[in-house]
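> Got a predicted structure plus its sequence, pasted below:
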Amino acid sequence: MLRRTHVAPFTRIENGSIRVDWLSDADGRVIAFLDRLLRLTARLEGCSRAGVAEALRRQERRVRDAQRLAGIAKTVLDLSTFRPPPAADRAAELRRSVFLARGGRWPPIPGDEAIPYERAAAALGMNADSVDSALYADAPGAATLVRAPRLDGRSLLDRYNLELARAVLLDADRLVLTARGGWRATFRAIKLARLMYRIERAGRTRRTYRVELTGPAAPFIVRPQRYGIRMARVLPELTRAPDWRIEASIVRGAEHLEYRLDARAPLPRPRRRTRYDSRWERSLAGDFAAKLGDARRGWTLRREDAPLTAGGELFLPDFTLRHRDGREALVELLGFWTPDYLETKARKIAASGIENLVLVVFRGLAAGNDAILTELERLAPIVWFRDRPRIGPVLDVAERVARRPPA
């Protein structure tokens with residue numbers, strides 16, 4: 001991520017709000033320069049990180065704004081893949097041996113400079129000629145560039161603007177995310193980042209939610225930098241939504257400033273992905289896709305499309321079945337599970353008050369969990385399967401339990 005020093009020159013404070021000066025390509029020269037920068041980085045594969053950073057810094061003579069270039073170069077380095085040199089794992093041991101050998105011959109005598117290296121190499125079974133170069137092989141700048149970013153200038157420009165947006169949020173003590181649809185990836189990122197959040201429905205539609213996140217600048221966050229890096233993972237996923245907005249409170253000294261972002265910002269819009277958590281989910285979706293025309297009985301199937309709030313927690317059913325008459329049924333697939341997992345699932349279903357849920361459960365793991373399964377059957381009808389789930393029985397139950405969503 002970019003540091004505050006990379007971002008501060010490109011933020012403006014106006015009437016209690018922060019505005020970011022995005023990088024643009026108004027005259028067509030910026031993208032051309034970024035393309036050259038990426039080609040230069042690709043030619044430097046095999047060089048050290050320090051060497052690559054220096055080569056990028058020397059491009060200052062080609063630009064008017066060295067501060068802007070510093071942030072772009074940091075973005076390129078963060079997108080590159082570096083690997084420690086082979087001797088990196090022994091560098092600390094090698095330094096210890098060299099320093100002990102040097103201390104044993106103190107004060108130094110002219111002409112004995114090579115003796116500590118020779119003794120350390122002999123003790124560690126290394127070649128004396130390679131000791132000097134391996135002494136600091138574990139330093140970050142010694143890592144070798146093995147893969148430059150596979151981007152073009154336009155993609156790099158968008159990614160740099162994304163890094164600007166994320167770096168401003170490092171000083172946020174509170175963020176409110178609002179989006180219409182596309183919640184699957186956002187909720188997954190929030191969960192994986194282990195962020196503190198609160199969720200509620202926003203507006204009248206089932207697909208619009210409001211999520212309040214605790215920011216890294218909140219006074220009770222113990223490790224704000226680490227928390228901020230985790231929080232930064234959410235923004236790229238949020239931008240996958242058809243429409244989204246962020247309202248944040250930024251702490252600058254004793255002052256709290258407003259910071260707003262929405263889908264009109266010049267940020268990358270990644271393609272929405274369909275990712276299944278198990279082969280059974282993929283199988284159920286594939287079975288539905290194979291049915292054509294009347295075989296679908298007027299239903300459409302969407303993946304993780306209807307989040308629900310359950311006692312302050314998030315419950316995101318695996319699939320949503322929507323009928324052309326407006327009715328909906330939610331589908332949750334339970335494959336490999338443990339008693340604790342089933343208890344948590346039952347608690348969330350009960351807390352959500354959901355009445356149009358269909359549970360699709362793998363029969364092979366039912367032994368020893370009769371009490372929990374009885375509770376689940378009380379909360380929602382169960383469709384059992386042995387080898388793989390079939391969409392036909394699921395549609396039969398969906399016809400019975402489907403409801404129209406609240407207006």
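Nice, thanks for sending it over. Everything quoted here is computed from the prediction, not taken from an experiment. Residues are numbered from 1 along each chain as shown.
> Tell me how far the residue nearest the centre of the chain lies from residue 189.
When C-alpha atoms, centre = their mean is applied to the chain, the residue found nearest the centroid is residue 233 (3.4 Å). Applying C-beta to C-beta, to the nearest Å, the value for residue 233 to residue 189 is 5 Å. Where you see a C-beta, it was placed from the backbone N, CA and C, and this is true even at glycine.
> Residue 377 too?
Distance, residue 377 to residue 189, using C-beta to C-beta: 33 Å.
> what about those two, which has more around it?
residue 189 (20 against 12; other C-beta atoms under 10 Å).
> my read: that one touches residue 240, true?
No. In this structure, residue 189 is not within contact of residue 240 by C-beta atoms under 8 Å, at 10.0 Å.
> In which helix or strand does residue 73 reside?
Using DSSP states H and E, residue 73 sits in helix 66-79.
> Check which residues of the helix or strand following that helix are buried.
Using DSSP H and E, the helix or strand that follows helix 66-79 towards the C-terminus is strand 81-83. By 16 or more other C-beta atoms under 10 Å, the buried positions in strand 81-83 come out as residue 82.
> What helices and strands are in contact with strand 81-83?
Where contact means 3 or more C-beta pairs under 8 Å, 6 or more residues apart in numbering; DSSP states H and E, strand 81-83 is packed against strand 144-147.
> What lies in contact with the strand it packs on?
41, 44-49, 52, 80-85 (C-beta atoms under 8 Å, 6 or more residues apart in numbering).
> Any regions of the chain where pLDDT drops low?
By pLDDT under 70, the weakly predicted segments of the chain are 181-182, 202-207, 270-277, 304-306, 309-314, 336-338, 365-370, 406-407.
> which residue ranges form the strands in the stretch 51-200 of the chain?
In the stretch 51-200 of the chain, the segments counted as strands under DSSP state E, counting those that start in this stretch are 81-83, 144-147, 172-180, 197-201.
> angle of the third one against strand 197-201?
In this case it means strand 172-180. Here the directions of strand 172-180 and strand 197-201 differ by 30 degrees (axes from the mean of the first three to the mean of the last three C-alpha atoms, to 10 degrees).
> one step back: would you mind grabbing the residues shared as contacts by residue 189 and residue 240?
Joint contacts of residue 189 and residue 240 (C-beta under 8 Å, 6+ apart) do not exist.
> hang on, the earlier thing: dump the helix holding residue 73 to CSV, keeping only the CA atoms.
Only the C-alpha atoms of helix 66-79 are listed here, as CSV (Å, rounded to 0.1, in the frame of the first residue of the first chain):
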residue,chain,number,x,y,z
ALA,A,66,8.5,13.5,-8.7
GLN,A,67,6.1,13.0,-5.8
ARG,A,68,3.5,11.5,-8.1
LEU,A,69,6.1,9.2,-9.6
ALA,A,70,7.2,8.0,-6.1
GLY,A,71,3.6,6.8,-5.5
ILE,A,72,3.4,5.1,-8.9
ALA,A,73,6.8,3.4,-8.4
LYS,A,74,5.6,2.1,-5.0
THR,A,75,2.5,0.7,-6.7
VAL,A,76,4.6,-1.0,-9.4
LEU,A,77,6.9,-2.5,-6.8
ASP,A,78,3.9,-3.7,-4.7
LEU,A,79,2.4,-5.4,-7.8
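> Give me the buried stretch members for that helix, please.
68, 69, 70, 71, 72, 73, 74, 75, 76, 77, 79.
> Walk me through the domains of the protein.
Following automatic domain parsing, one finds the domains of the chain at 4-81+150-262, 86-137, 279-401.
> what's the offset of the longest one from the middle of its chain?
Using C-alpha atoms, centre = their mean, to the nearest Å, we find the averaged C-alpha position of domain 4-81+150-262 to lie 12 Å away from the chain's own average C-alpha position.
> end-to-end on that domain?
End-to-end distance of domain 4-81+150-262 (C-alpha to C-alpha, to the nearest Å): 21 Å.
> which SS state does residue 7 fall under?
Secondary structure, DSSP: H, G, I helix; E, B strand; the rest coil: residue 7 is helix.
> before we move on, the earlier item: elements contacting the helix holding residue 73?
Counting contacts by 3+ C-beta pairs under 8 Å, 6+ apart, helix 66-79 is packed against helix 4-7, helix 29-43, helix 49-57, helix 153-168.
> 6 Å instead, please
Helices and strands touching helix 66-79, by 3 or more C-beta pairs under 6 Å, 6 or more residues apart in numbering; DSSP states H and E, are helix 153-168.
> which outside residues touch the helix it packs on?
Counting contacts by C-beta atoms under 6 Å, 6 or more residues apart in numbering, the residues outside helix 153-168 that touch it are 2, 7, 20, 22-23, 31, 34-35, 72, 75, 232, 235, 259, 261, 266-268.
> How about the contacts made by residue 111?
Counted by C-beta under 6 Å, 6+ apart, residue 111 has zero contacts.
> Next one: it from residue 130, what distance?
Going from residue 111 to residue 130 by C-beta to C-beta gives 22 Å.
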